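[1] predicted model and sequence follow; I will ask about them next.
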Amino acid sequence: MANDIPLIDPHHHLWDITNNYYPWLNDGPKPSAFGDYTAIISDYLIEDFLDDSKNQNLVKSVHLDVGYDPADPVGETKWLQGIADKLGFPHGIVGYADFRKPDVGDLLDAHMEFPNFRGIRQSMNYHEDPAKTYLDRPEVSRTPEWRRGFKELVKRSLSFDLQLYYPQMGEFHELAREFPDTQIILNHTGMQVDGPDHFVGWRNGMRTLAAAENVACKISGLGMGDFTWTTESIRPYVEAAIDIFGVDRCMFASNFPVDKLFSSYDATFDSFKEITKDYPKSDRMKLFHDNAARYYRL
């Protein structure tokens with residue numbers, strides 16, 4: 001499809017399993033919300049990402065933490081900054097921190113030594129299915145130690161990338177209202193991985209979360225809940241997200257190479273273009289470029 005609009009991809013990953021340690025990759029596949037991921041257990045470097053995206057008008061990108069060695073979270077930021085210093089990409093880096101750790105403030109300061117660092121993602125997904133849960137207990141964000149750590153993020157004017165499931169959206173609406181000056185960016189369209197019967201519950205949760213004006217939405221990762229997706233099967237999610245959050249608070253992203261399990265880079269963005277083909281160009285600019293630049297300070 002036409003590439004008249006420049007693209008910023010605000011959610012992708014890189015990994016070098018030859019030289020770095022990622023437990024979920026180096027230690028072999030484990031049960032996951034997105035199925036068998038054996039096909040992506042190999043190095044995925046900046047050259048691979050740029051090759052996958054070569055047919056799109058990609059101008060900038062943001063890298064999200066990807067389960068790097070938990071003993072050295074800043075190592076990922078350092079590695080990525082080295083790549084960016086040489087090749088320009090990625091332009092933004094979202095790292096990892098566990099807000100429950102008493103020294104999280106020191107960790108944030110170490111991340112901030114690198115100029116492309118923008119914020120933190122701590123995946124907060126809790127699910128009764130052990131294959132889908134990322135946490136050892138529900139409602140971690142409501143614990144005093146987690147809130148204490150989150151305040152360290154607030155002090156430094158860093159953003160928070162929020163990954164969760166829709167039943168948790170009330171919990172994180174509460175967080176967003178308590179910290180209205182912190183930009184929260186919802187990952188993967190709310191990560192609806194429980195099938196079409198849960199669409200209404202997901203949509204209601206999205207409305208709850210969107211009521212907090214400091215929450216934005218990345219429309220991405222839809223393949224994780226629909227392994228054989230088509231443009232028409234994801235259309236209800238894309239259109240509902242834009243309707244609920246508005247074009248000023250949404251942005252399209254790839255989630256590559258995780259979503260490479262389900263489709264090509266071109267198929268992902270060509271579908272987003274098809275769904276929004278009748279939108280005014282100014283709105284499409286926001287969804288594909290401007291909002292990502294604004295929210296990630298690019």
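    Noted; the coordinates are in hand. Numbering: from 1, shown residues only.
[2] look at Ala33 and tell me its secondary structure.
    Classification of Ala33 by DSSP: H, G, I helix; E, B strand; the rest coil places it in coil.
[3] what's the separation between it and Ser123?
    Distance of Ala33 to Ser123, given as Cβ to Cβ, to the nearest Å: 10 Å. Yep, even glycine has a C-beta here, placed from its N, CA and C like the rest.
[4] for the stretch 51-200 of the chain, what spans make up the helices?
    73-87, 104-111, 144-155, 169-178, 199-210 (DSSP state H, counting those that start in this stretch).
[5] okay, the angle between the longest one and helix 104-111?
    Here helix 73-87 runs at an angle of 20 degrees relative to helix 104-111 (axes from the mean of the first three to the mean of the last three Cα atoms, to 10 degrees).
[6] same thing with the last one?
    Orientation note: helix 199-210 sits at an angle of 90 degrees relative to helix 104-111 (the same axes, to 10 degrees).
[7] next SSE downstream of helix 199-210?
    Next in sequence after helix 199-210, counting helices and strands by DSSP states H and E, comes strand 215-219.
[8] now for that following strand, which elements pack on it?
    Judged by 3 or more Cβ pairs under 8 Å, 6 or more residues apart in numbering; DSSP states H and E, strand 215-219 is in contact with helix 169-178, strand 184-186, helix 199-210, helix 231-245, strand 250-252.
[9] how far away from the center of its chain is the second one?
    Right, strand 184-186. 8 Å (Cα atoms, centre = their mean, to the nearest Å).
[10] what does that strand rub up against?
    119, 159-162, 164, 172, 175-176, 209, 212, 214-218, 295 (Cβ atoms under 8 Å, 6 or more residues apart in numbering).
[11] a markdown table for the helices and strands packed on strand 215-219, including mean neighbour count and distance to Met112?
    Listed next are the helices and strands packed on strand 215-219 as a markdown table, based on neighbours: other Cβ atoms under 10 Å; distance: least, Cβ to Cβ, whole Å:
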| stretch | mean neighbour count | distance to Met112 |
| --- | --- | --- |
| helix 169-178 | 18 | 22 |
| strand 184-186 | 26 | 18 |
| helix 199-210 | 19 | 27 |
| helix 231-245 | 17 | 28 |
| strand 250-252 | 26 | 23 |
